[in-house]
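**Student:** sequence unknown, structure follows:
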């Protein structure tokens, strides 16, 4: 197996030195470590027992596998050790691992569950050997940063989601002007049709909600039981897509509207979240200008604080934003969250996130969602900013 397949080791070691962590222990048992197993590409060998790969900040990586499986591994750029009994496993770990801080796919107090893939018993075992587990969260972000090519693919997807949004609202406007029925599932089909026509990928159909359904953040319309648009209804469309290809990232936006002039409380709610969104962008930009990378929970506090200050704290029921992924719109890097979780990871260059504050009431809902890529000199907003509700005129 060629050493070039393991160039990620150099990246990991550089990040470990930057973070002043002694090493990174990638532990897996039958695929339980969804994040770490991506790095355990050990060829055709059969691995049915516990596997430990220790990457020191400097020096040669150490691989520990069960003795019955060692013989199936060949030409690895690691020192390969084996164990048989659980007593020998403990002895080998004590020989390989240093005392002190070692990064794991672990989150103290499960504050970031997206990182928690090492079971409590294994953590206890390591602690008994003098290891102090720390989270690999910021280390892993080095592997989530987008390449220039991925950024370009995202920008192209961003143009498509905006065009698809425009097509959806234009279809609503035309049907309403003709006095024809407009149903949520039909609008959803229009947007899926745009994506299909342009050969774009999406993991499932978009969210379209009218009136109270717009107040359900993850509402999914079902043809036959979906709502028909009525005068005064709020409209919410949340849509995402990517260019074909496993390494291309998504774009993900939400735009809000109303059928006829919006009620005062509807218009006010949108003004609150649009201002909160812009304050989030400003906070990120100001932090970068001051020479630091903001942590996810900090951005959430700024956005959520503005919404709460205007009396809608209880109506904002999800995190401010998520990292943007390749397999789905939701990625594995930092999320803008101090509500559902406490995400202390930094928003580093090459990481892309959404900012999507919302206010959700029983009779209406509003959300505005933008995408941004953190660049070395600050945030680059890649999608259109909505500044006011899209108003669909009433017929006649």
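**Tutor:** Thanks, I have the structure now. Small disclaimer: the values here were computed from a predicted structure and weren't measured. Numbering: from 1, shown residues only.
**Student:** Show the contacting residues for residue 173.
**Tutor:** Residue 173 sits next to 392-393 when contact means Cβ atoms under 8 Å, 6 or more residues apart in numbering. Heads up, the C-betas are built off the backbone N, CA and C, glycines and all.
**Student:** so how far is the helix or strand hosting it from its chain's centroid?
**Tutor:** Residue 173 is part of helix 148-177 when elements are defined by DSSP states H and E. Its chain's C-alpha centre and that of helix 148-177 lie 21 Å apart, by Cα atoms, centre = their mean, to the nearest Å.
**Student:** Quick check: beta-bridge partners of the nearest residue to residue 218 once chain neighbours are set aside?
**Tutor:** Counting by Cβ to Cβ, 6 or more residues apart in numbering, residue 218 lies nearest to residue 207, which is 6.9 Å off, once chain neighbours are set aside. Beta-bridge partners for residue 207, by DSSP bridges, are residue 238.
**Student:** Give me the neighbour count for residue 207.
**Tutor:** 23 (other Cβ atoms under 10 Å).
**Student:** Residue 226 is in contact with that one, correct?
**Tutor:** No - between residue 207 and residue 226 there is no contact under Cβ atoms under 8 Å: 11.6 Å.
**Student:** sorry, back to before: next, the buried residues of the helix holding residue 173.
**Tutor:** Neighbour counts over helix 148-177 (16 or more other Cβ atoms under 10 Å) mark 150-151, 153-155, 157-158, 160-162, 164-165, 167-169, 171-173, 175-176 as buried.
**Student:** quick one, strands of the stretch 51-200 of the chain?
**Tutor:** Secondary structure of the stretch 51-200 of the chain (DSSP state E, counting those that start in this stretch): strands at 51-56, 62-66, 79-83, 100-104, 131-135.
**Student:** Retrieve the pLDDT associated with residue 38.
**Tutor:** The model reports residue 38 with a pLDDT of 83.
**Student:** give me the low-pLDDT residue ranges for this structure?
**Tutor:** Where the chain drops to pLDDT under 70, the residues are 1-5, 43-46.
**Student:** now the helices for the chain?
**Tutor:** Ranges of helices in the chain, per DSSP state H, are 8-19, 67-70, 86-96, 120-128, 137-140, 148-177, 184-197, 264-289, 296-309.
**Student:** how far out from the middle of the chain is the second one?
**Tutor:** Relative to its chain's centre, helix 67-70 lies at 37 Å (Cα atoms, centre = their mean).
**Student:** counting contacts, what elements does it pack onto?
**Tutor:** strand 79-83 (3 or more Cβ pairs under 8 Å, 6 or more residues apart in numbering; DSSP states H and E).
**Student:** Pull out the buried residues from the strand it packs on.
**Tutor:** Residues of strand 79-83 classed as buried: 81-83 (neighbour count, 16+ other Cβ under 10 Å).
**Student:** tell me which strands and helices that strand is in contact with?
**Tutor:** Checking 3+ Cβ pairs under 8 Å, 6+ apart, strand 79-83 ends up next to strand 62-66, helix 67-70, helix 86-96.
**Student:** Contacts for it next, please.
**Tutor:** Under the criterion Cβ under 8 Å, 6+ apart, residues 60-67, 69-70, 73, 89, 91-92, 95-96 lie in contact with strand 79-83.
**Student:** what inclination does it have with respect to strand 62-66?
**Tutor:** Put simply, strand 79-83 runs at 30 degrees to strand 62-66, going by axes from the mean of the first three to the mean of the last three Cα atoms, to 10 degrees.
**Student:** Please name the strands paired to strand 79-83 in the sheet, noting orientation.
**Tutor:** Going by DSSP bridges, the partners of strand 79-83 are strand 62-66 (parallel).
**Student:** how far is the partner strand from where the chain is centred?
**Tutor:** Centre to centre, stretch against its chain (Cα atoms, centre = their mean), the figure for strand 62-66 is 32 Å.
**Student:** how far off helix 86-96 does it point, in degrees?
**Tutor:** Using the same axes, to 10 degrees, the inter-axis angle of strand 62-66 relative to helix 86-96 is 180 degrees.
**Student:** Go through the contacts of strand 79-83 and name the one nearest residue 289.
**Tutor:** residue 61 (38.4 Å; Cβ to Cβ).
**Student:** quick one: residue 60 from residue 74, how far?
**Tutor:** For residue 60, the distance to residue 74 equals 17 Å [Cβ to Cβ, to the nearest Å].
**Student:** count of neighbours near residue 70?
**Tutor:** Other residues close to residue 70 by other Cβ under 10 Å number 15.
**Student:** To clarify, my last question referred to residue 86.
**Tutor:** 10.
**Student:** So that it lines up with my notes, have the first residue be 20 from now on.
**Tutor:** Shifting the count to begin at 20 puts that one at residue 105.
**Student:** okay, now residue 70: neighbour count?
**Tutor:** Using other Cβ under 10 Å: residue 70 sits among 22 other residues.
**Student:** Who are the contact partners of the residue lying closest to residue 389 once chain neighbours are set aside?
**Tutor:** Of all residues not flanking residue 389 in the chain, residue 402 sits nearest, at 5.0 Å (Cβ to Cβ, 6+ apart). Residues in contact with residue 402 (Cβ under 8 Å, 6+ apart) are 177, 180-181, 270, 272, 388-390.
**Student:** now, of the helices and strands packed on strand 98-102, which is deepest in the fold?
**Tutor:** Ranked by mean neighbour count, the helices and strands packed on strand 98-102 are led by strand 81-85 with a mean of 21 (mean count of other Cβ atoms under 10 Å).
**Student:** what does it rub up against?
**Tutor:** Residues contacting strand 81-85 (Cβ under 8 Å, 6+ apart): 61, 66-73, 75, 92, 95, 97-103, 108, 111-112, 115.
**Student:** mind redoing it with 7 Å?
**Tutor:** 66, 68, 70-73, 92, 95, 97-103, 111-112, 115 (Cβ atoms under 7 Å, 6 or more residues apart in numbering).
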